[in-house]
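1. model this:
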Amino acid sequence: MESQQHHPEAPSTGHSTKVGRPRLRLTRSQRLPGGPRVDGIFKKGRRRTHHPLMACAVRREDAGSMRLAISIGKKSGNAVKRNAIRRRIREAYRLWQQEWPPGWDVLLVVRPHKCLTVQEYYQRLQSLLR
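-> Residues are numbered from 1 along each chain as shown. This is a model prediction of the structure:
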């Protein structure tokens with residue numbers, strides 16, 4: 001029986017990726033934890049809306065990576081639908097994250113709507129955050 005060899009080019013997470021394409025994920029430093037910080041962003045942040053998304057953004061003093069939080073209420077549907085919407089928004093963010101300016105905390109509030117495609121969320125995020 002042959003022993004398994006570790007290949008350095010293989011992703012350590014066990015998820016497959018296409019060759020030559022960097023794996024872009026929402027890291028812990030890019031996630032905005034809930035609590036008082038999110039409340040402050042909602043109250044004091046700049047707001048822009050492009051249905052069904054509303055973005056509230058606050059500039060941080062440090063120039064670290066942009067941090068993102070997604071808020072979606074129960075009026076948007078059951079847990080399966082809400083999680084599908086969340087996954088598609090995160091994928092749209094993942095595709096565009098390198099173009100976003102660093103140093104911002106962004107809260108995305110999702111209004112009730114019919115679930116859109118990743119491309120449609122991508123276009124809405126672009127128009128919101130430019």
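2. what are the buried residues along the helix ranked longest in the chain?
-> Secondary structure of the chain per DSSP state H: the longest helix is helix 79-96. Buried positions in helix 79-96, judged by neighbour count with 16 or more other CB atoms under 10 Å: Arg82, Ile85, Arg86, Arg88, Ile89, Arg90, Glu91, Ala92, Tyr93, Arg94. To be clear about C-beta, it is placed using only N, CA and C from the backbone, and glycine gets the same treatment.
3. so the third one touches Ala69, yeah?
-> No: under the contact definition of CB atoms under 8 Å, Arg86 does not touch Ala69, with a separation of 10.8 Å.
4. which residues does the longest helix of the chain contact?
-> Helix 79-96 is contacted from outside by 24-26, 53, 68, 70, 72, 74, 76-77, 108, 110, 115-119, 121-122, 125-126, using CB atoms under 8 Å, 6 or more residues apart in numbering.
5. using JSON lines, lay out the buried residues of helix 79-96 together with pLDDT and distance to Arg60.
-> As requested, those are arranged in JSON lines below (pLDDT from 0 to 100; distance: CB to CB, whole Å):
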{"residue": "Arg82", "pLDDT": "95", "distance to Arg60": "28"}
{"residue": "Ile85", "pLDDT": "95", "distance to Arg60": "26"}
{"residue": "Arg86", "pLDDT": "93", "distance to Arg60": "23"}
{"residue": "Arg88", "pLDDT": "94", "distance to Arg60": "26"}
{"residue": "Ile89", "pLDDT": "93", "distance to Arg60": "21"}
{"residue": "Arg90", "pLDDT": "90", "distance to Arg60": "21"}
{"residue": "Glu91", "pLDDT": "91", "distance to Arg60": "24"}
{"residue": "Ala92", "pLDDT": "91", "distance to Arg60": "22"}
{"residue": "Tyr93", "pLDDT": "88", "distance to Arg60": "17"}
{"residue": "Arg94", "pLDDT": "86", "distance to Arg60": "21"}
